[in-house]
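Enquirer: No letters, just coordinates:
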């Protein structure tokens, strides 16, 4: 009944039912089109949002992996520092052990050298010049004054000053001028010492042998024989050195020279059989 009532109203508006239906259909189509456009825009917005979410997710994933890698790097760096410290500690410990071993070996070598020094020949420890300088410095020219004392003293002073060539000349002059002097054993002894320092081994042996042969009772005789043994060792004639040292022990067994001879015999290399 309402529909029929609306017809006069439509007629008054100048719209027929058909026209009205067509108008309504067009509006519906327009609305549908607008809805389609809006749906497309909505889909686009959804796609953009999803893409944005995807980008954010990817970015978050990258950040997470980066943080994980940074943590791994820090861990590895810490491990490396620990291992480096351990390696340095091990190297330092090894160095300390090597140094300690070297010190022990040095101490042992020094101890062995010191123990051998008391028994080794003086020529093997210090140079002939040094040995002679030490002996001349600690020695007195003579216990008692003798003939030609002044000439002897001048030659002996030259010896103490290290003027060995001049000392040799002075002592030879003294021996020639004062053959009967009580200072002859000393003159021959120091002459032989000076000649040895100058490398005149044969002359030194003759001078030192003169002390032992001509003045066997002199206190210089066993000392001269010790010097003879040293010269023989220095020139490689060990057998002769051993013979002289044995002779010192036999002839002067109660003297300090004999004790030195025993020590030097022990220091000599063993004789090959």
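Expert: Looks like it came in fine. Computed from a predicted structure; not experimentally measured.
Enquirer: residues contacting the closest residue to residue 206 other than its chain neighbours?
Expert: Once flanking residues are discounted, residue 206 sits nearest to residue 192: 7.8 Å by Cβ to Cβ, 6 or more residues apart in numbering. C-beta coordinates here come from the backbone N, C-alpha and C atoms, glycine included. Counting by Cβ atoms under 8 Å, 6 or more residues apart in numbering, residue 192 touches 203-208, 210-211, 224, 227.
Enquirer: what helix or strand is residue 192 on?
Expert: helix 184-197 (DSSP states H and E).
Enquirer: quick revisit: mind putting the contacts of residue 192 in JSON lines, secondary structure and pLDDT included?
Expert: Converted to JSON lines, the contacts of residue 192 look like this (DSSP: H, G, I helix; E, B strand; the rest coil; pLDDT from 0 to 100):
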{"residue": "203", "secondary structure": "helix", "pLDDT": "95"}
{"residue": "204", "secondary structure": "helix", "pLDDT": "95"}
{"residue": "205", "secondary structure": "helix", "pLDDT": "96"}
{"residue": "206", "secondary structure": "helix", "pLDDT": "96"}
{"residue": "207", "secondary structure": "helix", "pLDDT": "96"}
{"residue": "208", "secondary structure": "helix", "pLDDT": "96"}
{"residue": "210", "secondary structure": "helix", "pLDDT": "95"}
{"residue": "211", "secondary structure": "helix", "pLDDT": "95"}
{"residue": "224", "secondary structure": "helix", "pLDDT": "95"}
{"residue": "227", "secondary structure": "helix", "pLDDT": "94"}
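Enquirer: out of the residues you listed, which are buried?
Expert: For the contacts of residue 192, a burial check counting by 16 or more other Cβ atoms under 10 Å picks out 203-205, 207-208, 210-211, 224, 227.
Enquirer: Pick the one among the residues you listed closest to residue 37.
Expert: residue 227 (131.0 Å; Cβ to Cβ).
Enquirer: How about that closest one: what's its closest non-neighbour residue?
Expert: Counting by Cβ to Cβ, 6+ apart, the residue nearest residue 227 is residue 208, at 5.3 Å.
Enquirer: which stretches of the stretch 151-273 of the chain aren't confidently modelled?
Expert: 270-273 (pLDDT under 70).
Enquirer: Can you show me the helices along it?
Expert: Along the stretch 151-273 of the chain, counting by DSSP state H, counting those that start in this stretch, helices occupy 164-177, 184-197, 201-214, 220-234, 238-251, 256-267.
Enquirer: Looking at those helices, spot the one closest to residue 67.
Expert: Taking the helices of the stretch 151-273 of the chain one by one with Cβ to Cβ, helix 256-267 is closest: 78.4 Å.
Enquirer: Quick one: list the elements packing against that closest one.
Expert: In this structure, helix 256-267 makes packing contacts with helix 220-234, helix 238-251, judged by 3 or more Cβ pairs under 8 Å, 6 or more residues apart in numbering; DSSP states H and E.
Enquirer: closest to residue 30 out of the ones you listed?
Expert: helix 220-234 (133.7 Å).
Enquirer: Provide the contact partners of that closest one at residue level.
Expert: Contacts of helix 220-234 (Cβ under 8 Å, 6+ apart): 121-124, 128, 185-186, 188-189, 192-193, 196, 201, 204-205, 208-209, 211-212, 215, 238, 240-241, 244-245, 247-248, 251-252, 255, 257-258, 260-261, 264, 268.
Enquirer: and if we set it to 7 Å?
Expert: Contacts to helix 220-234, defined as Cβ atoms under 7 Å, 6 or more residues apart in numbering, come from residues 121-123, 185-186, 189, 192-193, 196, 201, 204-205, 208-209, 211-212, 215, 240-241, 244-245, 247-248, 252, 255, 257-258, 260-261, 264.
Enquirer: Mind giving me the PyMOL select for these, buried ones only?
Expert: In PyMOL, this line selects whichever of the contacts of helix 220-234 come out buried by 16+ other Cβ under 10 Å:
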select buried, resi 121+122+123+185+186+189+192+193+196+204+205+208+209+211+212+215+240+241+244+245+247+248+252+255+257+258+260+261+264
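Enquirer: Buried residues in stretch 169-178, which are they?
Expert: 170-175, 178.
Enquirer: Same list, the residues you listed, but as a markdown table with distance to residue 36 please.
Expert: Formatted as a markdown table, the buried residues of stretch 169-178 follow (distance: Cβ to Cβ, whole Å):
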| residue | distance to residue 36 |
| --- | --- |
| 170 | 140 |
| 171 | 140 |
| 172 | 142 |
| 173 | 145 |
| 174 | 145 |
| 175 | 146 |
| 178 | 151 |
